[in-house]
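Chemist: fold the following for me, if possible:
(chains A, B, C and D)
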There are 4 protein chains.
Amino acid sequence: MSDKAPSFRAAGTRLRGALRPELSAVCYPVPDDRIWRVLEGVHRFDKAHVVMLAEAGILDTADAAALLRALLDLEGREGGVVAARLSIGGGNHSGEKHLTQTLGEGVAGRIHAGRSSGDISAVANRLTQQQGLRDTLALLMHLRRSVLERARRDANVLVMGYSHLQHAQPATLGHYWCSWLFGLERDFERLRDLYTRFHFSPAGAAVLTGSRFDLRPERTAELLGFVRVFQNSRDAGWAADAYQEAAAVLAILLATTGRIADDLYLWSTAEFGIVEIDDGFCINSSILPQKKNPVALEHVRGVGRVALGRMVSVQGSFASASDSVVFERYLAVEELWRTFDDARGALELLAAVLDSLEVRQDAALRAFHDSWCWTSDLAAALVLEHGLPWRTAQQSVSVLVRQMMDGGRAAASVTEADVVQACASYSGQTGLELPVGFVDRVRDPRAIVESRIVAGGPAASDVARQIEAAESALERDAHTVQEFDHAEKTACRKLGEAVQALLDVPLPGVQA
Amino acid sequence: MSDKAPSFRAAGTRLRGALRPELSAVCYPVPDDRIWRVLEGVHRFDKAHVVMLAEAGILDTADAAALLRALLDLEGREGGVVAARLSIGGGNHSGEKHLTQTLGEGVAGRIHAGRSSGDISAVANRLTQQQGLRDTLALLMHLRRSVLERARRDANVLVMGYSHLQHAQPATLGHYWCSWLFGLERDFERLRDLYTRFHFSPAGAAVLTGSRFDLRPERTAELLGFVRVFQNSRDAGWAADAYQEAAAVLAILLATTGRIADDLYLWSTAEFGIVEIDDGFCINSSILPQKKNPVALEHVRGVGRVALGRMVSVQGSFASASDSVVFERYLAVEELWRTFDDARGALELLAAVLDSLEVRQDAALRAFHDSWCWTSDLAAALVLEHGLPWRTAQQSVSVLVRQMMDGGRAAASVTEADVVQACASYSGQTGLELPVGFVDRVRDPRAIVESRIVAGGPAASDVARQIEAAESALERDAHTVQEFDHAEKTACRKLGEAVQALLDVPLPGVQA
Amino acid sequence: MSDKAPSFRAAGTRLRGALRPELSAVCYPVPDDRIWRVLEGVHRFDKAHVVMLAEAGILDTADAAALLRALLDLEGREGGVVAARLSIGGGNHSGEKHLTQTLGEGVAGRIHAGRSSGDISAVANRLTQQQGLRDTLALLMHLRRSVLERARRDANVLVMGYSHLQHAQPATLGHYWCSWLFGLERDFERLRDLYTRFHFSPAGAAVLTGSRFDLRPERTAELLGFVRVFQNSRDAGWAADAYQEAAAVLAILLATTGRIADDLYLWSTAEFGIVEIDDGFCINSSILPQKKNPVALEHVRGVGRVALGRMVSVQGSFASASDSVVFERYLAVEELWRTFDDARGALELLAAVLDSLEVRQDAALRAFHDSWCWTSDLAAALVLEHGLPWRTAQQSVSVLVRQMMDGGRAAASVTEADVVQACASYSGQTGLELPVGFVDRVRDPRAIVESRIVAGGPAASDVARQIEAAESALERDAHTVQEFDHAEKTACRKLGEAVQALLDVPLPGVQA
Amino acid sequence: MSDKAPSFRAAGTRLRGALRPELSAVCYPVPDDRIWRVLEGVHRFDKAHVVMLAEAGILDTADAAALLRALLDLEGREGGVVAARLSIGGGNHSGEKHLTQTLGEGVAGRIHAGRSSGDISAVANRLTQQQGLRDTLALLMHLRRSVLERARRDANVLVMGYSHLQHAQPATLGHYWCSWLFGLERDFERLRDLYTRFHFSPAGAAVLTGSRFDLRPERTAELLGFVRVFQNSRDAGWAADAYQEAAAVLAILLATTGRIADDLYLWSTAEFGIVEIDDGFCINSSILPQKKNPVALEHVRGVGRVALGRMVSVQGSFASASDSVVFERYLAVEELWRTFDDARGALELLAAVLDSLEVRQDAALRAFHDSWCWTSDLAAALVLEHGLPWRTAQQSVSVLVRQMMDGGRAAASVTEADVVQACASYSGQTGLELPVGFVDRVRDPRAIVESRIVAGGPAASDVARQIEAAESALERDAHTVQEFDHAEKTACRKLGEAVQALLDVPLPGVQA
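Modeler: The predicted model follows:
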């Protein structure tokens, strides 16, 4: 049996013999790379539980002080609590294991009253997830600010707007960035909703039904930084949706960032050439001296796709009778933590790429050379200024395009006469008269962008309004993040103070 | 070319020749089972757009009235709007196609001013999704009520509590049902958050940048029942997250219902036998005369698993440059609609199963015969009443179990002396004295259940409190659903009135 | 109860009451769009089973003839067997239902001897899947021929080779197409392996353990066209891997075709412009008169992504105790049939797109204007002709590129002196002497392509060899497809003959 | 810039500045847990490439010997090649980095001639995958032997056969195990097909089109242990299907093993109680002294579900233009390696669980007490011995079951008279006469099992035949595994000899 395993096996107890090596190899590997991410949470729960037990009179104050001292001792070790606990082994029970080695079972054996592996794991997972969400929210705020800054800088950069990846209409880069701002705002909301939805403590639920011990779960919750306590002890420990929603929400977030990366990837090709990725986010080739490979974008795109598979792994892991999924949960959660890591990395990376991005207005303008992206505006002008039904105008212009292409004529060469003739071709009606300059007026991409009347469009003034709206959303959300952080810090302080209060209690028989 | 296709191809226009049959076979099949779910939304947008164009002065009032009359005509046809539009063909453009056939291009050609296939599709998808969400919310309320009713009826039913699917501790069925109540409450929240998050209209965004037409998108939004208008026209049409979040939230919901079904499936086996599924939800066998197959549960479990794959299909469909995903979107949305259908079916079915479920207290009690599920309480009593450290008590009892099993002793035969001896075996310490009746007291499952002090547990009083909390949540959420429904009805009424107002305008030159 | 349901419920039998509408709505919808794809297989099994029962002496010859006559009658109805059986209802048992209505239970009740819903479903699914695979194999052959034809036509078309979507090295389009030929060959192999792996009959396995009836499963297998019989009756009916492997193999195939479509999509942008998709595979826009949207490619790309989710749906559906997955299986298989449909559509569509594709050598050459894609060959030439270590050469050329870019120098302007100086800059060593024309020689893309010595490269002669190899693989695989088809036809003939033989038996007491 | 990064950046070369920390943090982490699994393969390719270059005359023999000596030096270091290369950094280029540090660029710079990061990565991935497949095949053989051994031991163990998890028919455990034997045989075939399909070397393909160097790819392939060489250099490096198929095939394998675990999990509950998992594969509880948690089964079940998500991650990663997926590939492959690890662990664990499994015939027999699982045989006997049509018999027995249940009658109490009456109730016909003992004869589960005539059933003799068939398949497959291993060892020996031959070449000017 691995002595790192969290087992209370001993001669004569329930189970015979040691853990088989085939099992410990996969479930309790050494080094244990499965449990480390939650050990900070386990440690915190150990302290909060001792404090609560002492305050509730279940644990003697002197014992509590001894337990806390020994737990604090771990914090001072090299590599901190995580390294210390990993070297002790025992995972969720590394605290008790350490305490038993230090203080003996007579004292250490009291820490687990009213707890089970079930709520240790639930609490530690919850704390780890909430910390992951706070990190993600903060990094997402950072990315949103980077996108906002780009929207400001590129507000007037004229770019081709695409649909079906074909030239569609003139647009601005500012408008493009704003579109992501509102998407990322919704990603923020999803993360925030998730954070709030599961801001309750599973501590005290034990394995399923709670226990005979007269615990004070509200106090443990407070010391752990949760705003509420579970409403049902079975739901506290066995529900799957916290993990499932986290995996889904992160997958959607990383799909968003992946799509931004995908666009930039395309735009940084020689053929599009609209943006230049900073060299620091690219690598060269071992064989092609001229190459500049935008691997940062590949990474961001890639983690988005991996995250979707992780959503499947996480959700699929729970597809069994609801009282039965335990070690599958460890596997599922491991996949989830990896996605949190990916999210942190990708958000930071994409923000840095955006901050250093070089936009090339000159290259972007190339797309307008001899482009037909103004024909929808030509049709609209025929409707607005000459009363044609939309469909008649649109089809007539469609005929125009066909005629010009067949005649080998460039888009820039279209004249009012061409338009008139195409209209006649389509409708059979003659009589349309177009003033000189009509075509040139509707052909200018900047004018087209500025002609957009509907709010939310690409015109400079409109982009400015969108930036303003996004800024105010950012401010509001920054406040939320601060509140979350503040509450967390307050809880940490309270736990510290409560621990200190117990350590300060004079030992019995000792003169102060 | 299929004459059902939404194409404006004609001799001499941009594209040569007809749609190739290989393309129309997959993209415009006849009958078109891909588009029908959104046609109600397309129709509604057609009407709202005409009203708005007329009110904005872009469309002549007489033309508007003619258009509306022809659209209303579709509503009166057999099979309603959907059947009528399917027979016309043209999908998103079935309205214009119908109008053209009826009124000619001179009038019909005016309906599309300021619109594109892009925002027709976005609007119709959004309306369909919001309707799907309202249906799902209503059916979920219904299921929650069924679960609540079960919690009430089964509040005191004593059942084995499991972990790792092994006998763990006594529990109550009421506690079990309550655990799902809080989970389903979170499913409701996720659906509601989604509904609210995307309660904005994409109408007016056209294909990407809006248009030159002086539209009034707020008015269209009002007539369509949306509370807001898009903030960015690119986000309005090209964002993927509405679909992704819907697929994810439904997948999580159907995972929840699937897990309930999975539990019932197990419990309805001969071996568990705790519940009896009503015959009406079972089928017999063509070969095994005694069989009663609980296929309703298999269906509910199955759609939960299919929904996860659909989440992958939906999200994966958008993994390309963000301006390029159009016909992949049709495929993705089709998968999503199928999941909405599944959700409707599964919610209704599971609620009906629960309503008619027979619970067998007698069979449930069988699990307690000669069960060791009381040993954790024995250990706790040793701690609470005799001061043992938890670990010492737990390990001693573990030794007890081992000794009894080795000695061929039944759980029901354990005496105080056995316990004392096991404690001595473990700790080497003698001197523990247990009063007569100690073991019997901690062995009684009902007493164990009632001993649970921590709130959220299985004791009758506690379950009652949970039911109360769940009821008040239900009331709050019922109010939300009513609000959503009321707003929808109000919007429909407003659209009706606005249409009528235009129809009532006297035709020019006609004496009233 | 829906009278379309395959139920043998009747007053006084095992189950009370009718199917509840909530169940029949989802499991036995009317019209039944869940069962129709397998009804041909059910029908064929009905006939083969009757033949085998009669030949085995379990069924009276006259009864067999009556049953077969009534079954043949269905084939003559409008819409054929599928429509006839759908109108009868009863799904897997539509045959018995029809026979009972026609002949009464006294005769009809004999058809199910030694069968169960289990093996009806297994047989019909297997037949449907094998048919789907034969269709897919044939269409894949067709696609491979289209790719081969492209490889031939485009063998010498010079195109930029990319890596990281950046200009890498000169290549030929012939080489590109050949790369897919070998990939599609592997797709073919996977489908063929799958076809062969499951070319065994589940008929006779009944629900789990076979039956007391002295059936002749080998004969049934022969009449159904299977080359083998199940080895274990539990494996015959309950194994999941036929579905799982089919879903996976199709997902990989559709990923391959999706990637080809993705490349063409990119190449048909204005920016790349290398290919022109035939107008017949594109649609125009309702608002942008100049647009030509390559939706065929979007469709092919999209079904590839949907197929991956379906793989999840299919596989996930089986994640329960292995004796328990029945109605989940119906859901899973439905997803699988949809993927077969998608595969058929996509293979046919992509082949048609390729057949009509216009390749633009002139546009492809634009990428070489002022391109640095020859620098790896410059480095190689420095190694081969001047003895530099590869790394020294590669880094020197990398310095060259940097210097040229910094100096605003075009790639086309590089001289031998520039190279010498860059080498000196990098290595500090002077003395390298390059003959006049050295740079021009290594700069020519056609020459680079032809310089590729390693087999499998882009040179014309090499592409020719690859085409030859692909052709011979195609021939071999065509033979396989023919064998599969021939075996199937033979089986159909045998079944027909066996049926006829029974019909030809003189009725007792009738003079021939 | 991390000095672990595989970069050839230097002052004045193509890219300016160092890698940005946000990029190196995710793409080149320290310690590098992303690259280690392929480093053995990289090392082997380094050696084989040097040998081939020397043999082809591209590399001077003395240089080759120096390079090989320095590479061999890594093998002797503590922790072996992997640890040594990780400490050097540089991943795919750790060899060249080490050589440069040791021998200087003048010699070391020659190793990369004719190679690129692309084919280093492709070769190392292929070698790693083939090694993973050989490991998996060997462990799968081991598992199949364990299942076979169980089939032998449990051949006659009578167990309830289930369908819909309801009592269906008597069966034997031997039959159950055989059913998995044939399934695992197909898993073996899939792995073997995959191994064979990709048994070709990508070495020499360089980044896309090969190179100007006159390499001998067949020789490199031989030294690397591949039986073939790529046919197209683009396919060699850019194809995705090797990874996709591996992920799929492993997912299907782990679904199979997961389903076996799922069954055992159910059977080891108190309620089923058919099997007892060895204590060594279970853990106890920290709070419930009596608990024995079969976590080994949860692990096996869990990895099956995670593997499905990984299939999505792997396949999804390639969903972009086919020349563009590079760093996504690293992410994808990492997920794949993790699945290989899981497969190794799960196969070994499940085999060990089976080897030590205790089967409880006594407990299994409990299910037959008062069971109705014999009614299908009653119906069959009525058909076979009394000429009833199957449906009439089956429905009559169905009526019988209903009547007995309604009358509170146990299954064991059914008499011939009851059967006669039920038949009369159903058909209205009297006159059926059943001999005394008729019911008892068809009620005996052992007799039912032995009555199964169709081959592949649960009867002892039949199971024996199945075991024999499975044994011969095992023998055949063992031969395949040996061949694969032998070929690998031969290749390793050849590489060793070729290296030695170069080391043995006398240095110029040195007297032998």
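Chemist: now the phi/psi pair for A:Thr172, please.
Modeler: phi -120, psi 150 (degrees, to the nearest 10).
Chemist: for the nearest residue to it once chain neighbours are set aside, which residues are in contact?
Modeler: Closest residue to A:Thr172 apart from its sequence neighbours, by CB to CB, 6 or more residues apart in numbering or on different chains: A:Pro458 at 4.3 Å. In this view, the C-beta of every residue, glycine as well, is placed from N, C-alpha and C. Listed by CB atoms under 8 Å, 6 or more residues apart in numbering or on different chains, the contact partners of A:Pro458 are A:Gly161, A:Pro170, A:Ala171, A:Thr172, A:Gly174, A:His175, A:Val449, A:Arg452, B:Thr209, B:Ser233.
Chemist: at 6 Å what do you get?
Modeler: Contact analysis of A:Pro458 by CB atoms under 6 Å, 6 or more residues apart in numbering or on different chains lists A:Ala171, A:Thr172, A:His175, A:Val449, A:Arg452, B:Thr209.
Chemist: number of nearby residues for A:Glu78?
Modeler: Look at A:Glu78: counted by other CB atoms under 10 Å in any protein chain shown, it has 7 neighbours.
Chemist: can you check the one 4 residues further on too?
Modeler: Look at A:Val82: counted by other CB under 10 Å, it has 19 neighbours.
Chemist: contacting residues for it?
Modeler: Per CB under 6 Å, 6+ apart, neighbours of A:Val82: A:Trp36, A:Leu39.
Chemist: for it, give its distance to chain D.
Modeler: Distance, A:Val82 to chain D, using CB to the nearest CB, to the nearest Å: 16 Å.
Chemist: one more: A:Leu308?
Modeler: A:Leu308 is 6 Å from chain D, by CB to the nearest CB.
Chemist: for that residue, which residues are in contact?
Modeler: A:Ala251, B:Gln315, D:Val312, D:Gly316.
Chemist: please report which of those has the highest neighbour count.
Modeler: D:Val312 (32 neighbours).
Chemist: right, and that residue touches A:Met311 too?
Modeler: No. Applying CB atoms under 6 Å as the test, D:Val312 and A:Met311 come out as separate, 8.2 Å apart.
Chemist: make a markdown table out of the contacts of A:Leu308 and add secondary structure and distance to chain C.
Modeler: Formatted as a markdown table, these follow (DSSP: H, G, I helix; E, B strand; the rest coil; distance: CB to the nearest CB, whole Å):
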| residue | secondary structure | distance to chain C |
| --- | --- | --- |
| A:Ala251 | helix | 13 |
| B:Gln315 | helix | 8 |
| D:Val312 | helix | 6 |
| D:Gly316 | helix | 7 |
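Chemist: excluding its backbone neighbours, what's nearest whichever residue of the stretch 101-250 of chain A sits closest to chain C?
Modeler: Ranked by CB to the nearest CB, the top residue of the stretch 101-250 of chain A for proximity to chain C is A:His164, at 4.0 Å. Closest residue to A:His164 apart from its sequence neighbours, by CB to CB, 6+ apart: C:Asn293 at 4.0 Å.
Chemist: ok, the one you found - contacts?
Modeler: By CB under 6 Å, 6+ apart, the contact set of C:Asn293 is A:His164, C:Cys282, C:Ile283.
Chemist: go through those residues and name the one nearest chain D.
Modeler: When the contacts of C:Asn293 are ranked by distance to chain D (CB to the nearest CB), A:His164 comes first, at 15.6 Å.
Chemist: ramachandran angles for that closest one?
Modeler: In terms of degrees, to the nearest 10, the main-chain angles of A:His164 are phi 50, psi 20.
Chemist: hmm, back to that, please report how far the residue nearest to A:His164 lies from chain D.
Modeler: Look at C:Asn293 and chain D: by CB to the nearest CB, they are 18 Å apart.
Chemist: give me the beta-bridge partners of that residue?
Modeler: C:Ile283 (DSSP bridges).
Chemist: sketch out the low-pLDDT regions of chain A for me.
Modeler: The model of chain A has pLDDT under 70 over residues A:1-7, A:507-512.
Chemist: for it, what spans make up the strands?
Modeler: Secondary structure of chain A (DSSP state E): strands at A:158-163, A:166-172, A:200-201, A:228-229, A:275-276, A:358-359.
Chemist: quick one: list the elements packing against the fourth one.
Modeler: Based on contacts counted as 3 or more CB pairs under 6 Å, 6 or more residues apart in numbering or on different chains; DSSP states H and E, the elements that strand A:228-229 packs against are helix A:217-224.
Chemist: for the first one, same thing?
Modeler: Of the remaining helices and strands, those touching strand A:158-163 by 3+ CB pairs under 6 Å, 6+ apart are strand A:166-172.
Chemist: need the contact partners of the strand it packs on.
Modeler: Here strand A:166-172 has contacts from A:159-162, A:371, A:373, A:445, A:448-449, A:458, B:208-209, C:270, C:288, C:291, using CB under 6 Å, 6+ apart.
Chemist: can you tell me which of these end up in helices?
Modeler: Members of those lying in helices (criterion: DSSP state H): A:Pro445, A:Ile448, A:Val449.
Chemist: so what's the first one up against?
Modeler: By that I understand A:Pro445. Here A:Pro445 is in contact with A:Leu158, A:Pro170, A:Phe368 (CB under 6 Å, 6+ apart).
Chemist: which residue packs closest to the closest residue to chain C within the stretch 1-150 of chain A, ignoring adjacent ones?
Modeler: Nearest to chain C in the stretch 1-150 of chain A, going by CB to the nearest CB, is A:Val26, at a distance of 19.4 Å. Nearest residue to A:Val26, sequence neighbours excluded (CB to CB, 6+ apart): D:Gly345, at 3.9 Å.
Chemist: with A:Glu149 instead?
Modeler: Using CB to CB, 6+ apart, the nearest residue to A:Glu149 is A:Asp355, at 7.4 Å.
Chemist: neighbours around A:Glu276, how many?
Modeler: Using other CB under 10 Å, A:Glu276 is surrounded by 17 other residues.
Chemist: what's the spacing between the residue of the stretch 1-150 of chain A closest to chain C and D:Val333?
Modeler: Distance of A:Val26 to D:Val333, given as CB to CB, to the nearest Å: 21 Å.
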